[in-house]
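[1] Take a look and give me a structure for this.
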Amino acid sequence: MHTVWKGAISFGLVHVPVKMFSATEDKDISMRYIHKDCGSPLAYIRKCPVHDVEVEWEDIAKGYEYEKGRFVLFEKDELESIGSAGNKEIKILDFVDLNEIDPIYFQKTYYLSPDSAGANAYNLLLEAMRQSGKIGIAQISIRSKSSMAAIRVIDNCISMETIFYPDEIRPISQVPNLPQAIQVNDKELTMAKMLIEQLSTPFEPGKYKDQYREDLMNLIQAKVAGEEIKVAPQQQQTNVIDLMSALQASLAAAPPAGKGAASAEAAPEEKKKRKTKAKAKDIG
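    Below is the predicted model of the structure:
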């Protein structure tokens, strides 16, 4: 793994030297823009439209457009001097319960490993968080961007999830066409809950795969091998208007339900059938 950051976790007066590694990797298949006439990949240049010249990196500054066409400029050291941008510290501010954080706040996960001579403090923080069941809420700056973070334990590793600030989360009130008062048909609701229970299963991430990436890689390999590719168009799905029919068809197509609420929902009907059979047997 490549180290992406070095610094220290601090809680109280305790400092834990750590190295940071990305916990996830992008598996998207990247493609380049190619000139169709000659097959060459296109080059990107940093060009000034006023002087019509290519601009070298040493002649480039960062600018904020405060009104149309007007900028204030910043040098790299100016940006690093403000706030905690140049700070190499993950400062834990509070300890909270993980279930208090809505998943909407989470951004990206990193692993933290102990840096040289930091193993004892690292182990202490890891075990203290594990036994208390708490996670740390911290502030950190990565690449001149300040961020909030959740510090927690995964197995024997301290990990860090960067999280959004509250004002970076758009309010639900901005979402159009949300219902003001939710009204549903009782029978449809019962069947929908049965369908959910019938499809319920323990979360096993290993059984999910990126089908698009797999199909694209197969297509690439076929093209490299010189095969003629014809992709059959997918049949368009029609919008389902009859909810009850769609629920009934879904339940019929879903795998058998395990032990769960679905069985509980179906229980009264099954119990009634068993009673009817038993009564008929007694009469017979």
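[2] What strand or helix carries M148?
    M148 is located in strand 145-154, with elements delineated by DSSP states H and E.
[3] can you give me the offset of that strand from its chain's centre?
    When distances are taken as CA atoms, centre = their mean, to the nearest Å, strand 145-154 is centred 15 Å away from the chain's centroid.
[4] partners of it in the sheet?
    Each strand paired with strand 145-154, and its direction, by DSSP bridges: strand 135-142 (antiparallel), strand 157-163 (antiparallel).
[5] Need the CA coordinates for it. PDB is fine.
    The C-alpha coordinates for strand 145-154 follow below in PDB (Å, rounded to 0.1, in the frame of the first residue of the first chain):
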ATOM      1  CA  LYS A 145      -8.800  20.700   2.500                       C
ATOM      2  CA  SER A 146     -10.100  20.600   6.000                       C
ATOM      3  CA  SER A 147     -12.400  17.800   6.800                       C
ATOM      4  CA  MET A 148     -14.300  16.100   9.700                       C
ATOM      5  CA  ALA A 149     -13.600  12.500  10.300                       C
ATOM      6  CA  ALA A 150     -14.800   9.500  12.300                       C
ATOM      7  CA  ILE A 151     -12.000   7.400  13.900                       C
ATOM      8  CA  ARG A 152     -13.100   3.800  14.600                       C
ATOM      9  CA  VAL A 153     -11.700   0.300  14.900                       C
ATOM     10  CA  ILE A 154     -11.900  -2.400  12.100                       C
END
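[6] Buried ones in that strand, by neighbour count?
    Neighbour-count burial for strand 145-154, counted by 16 or more other CB atoms under 10 Å, picks out S147, M148, A149, A150, I151, R152, V153. Where C-beta positions appear, they are placed from N, C-alpha and C, glycine not excepted.
[7] need the helices for the stretch 51-200 of the chain, in chain order.
    76-81, 119-132, 186-199 (DSSP state H, counting those that start in this stretch).
[8] Out of these, flag the one nearest P255.
    Proximity to P255 (CB to CB) singles out helix 186-199 among those, at 7.2 Å.
[9] ok, and for the closest one, which residues are buried?
    So helix 186-199, judged by 16+ other CB under 10 Å, has buried residues M191, A192, M194, L195, E197, Q198.
[10] Residues contacting the strand holding M148, please?
    9, 83-85, 90, 92, 98, 101, 105-107, 111-112, 126, 129-130, 135-141, 158-165 (CB atoms under 8 Å, 6 or more residues apart in numbering).
[11] Now, of the residues you listed, which are buried?
    Neighbour counting by 16+ other CB under 10 Å classes 9, 90, 92, 101, 105, 111-112, 126, 129, 135-141, 158-163 among these as buried.
[12] Could you measure from P41 over to K27?
    Taking CB to CB, to the nearest Å as the measure, P41 falls 22 Å from K27.
[13] rewinding a little: what angle do the strand holding M148 and helix 119-132 make?
    Relative orientation of strand 145-154 and helix 119-132, computed by axes from the mean of the first three to the mean of the last three CA atoms, to 10 degrees: 70 degrees.
[14] Domains in this structure, by residue range?
    As assigned by the TED database, the chain contains the domains 3-26+84-168, 47-81.
[15] Check the offset of the last one from the chain's centre.
    What separates the centre of domain 47-81 from the centre of its chain is 33 Å, taken as CA atoms, centre = their mean.
[16] Now do the end-to-end distance for it.
    29 Å (CA to CA, to the nearest Å).
[17] for it, what is the average pLDDT?
    Mean pLDDT, computed over domain 47-81, is 90.
[18] And the longest one, by the same measure?
    Average pLDDT, domain 3-26+84-168: 91.
[19] How much space separates R70 from A61?
    Where A61 is concerned, R70 sits at a distance of 15 Å (CB to CB).
[20] try M194
    62 Å.
[21] How much space separates the residue nearest in space to the middle of the chain from I140?
    For the chain, the residue nearest the mean C-alpha position is Q107 (6.6 Å; CA atoms, centre = their mean). Distance of Q107 to I140, given as CB to CB: 12 Å.
[22] so what sits against both of these two?
    Here Q107 and I140 have S147, T162 as joint contacts, going by CB under 8 Å, 6+ apart.
[23] what stretches of the stretch 151-284 of the chain score poorly on pLDDT?
    Across the stretch 151-284 of the chain, the ranges flagged by pLDDT under 70 are 229-241, 257-284.
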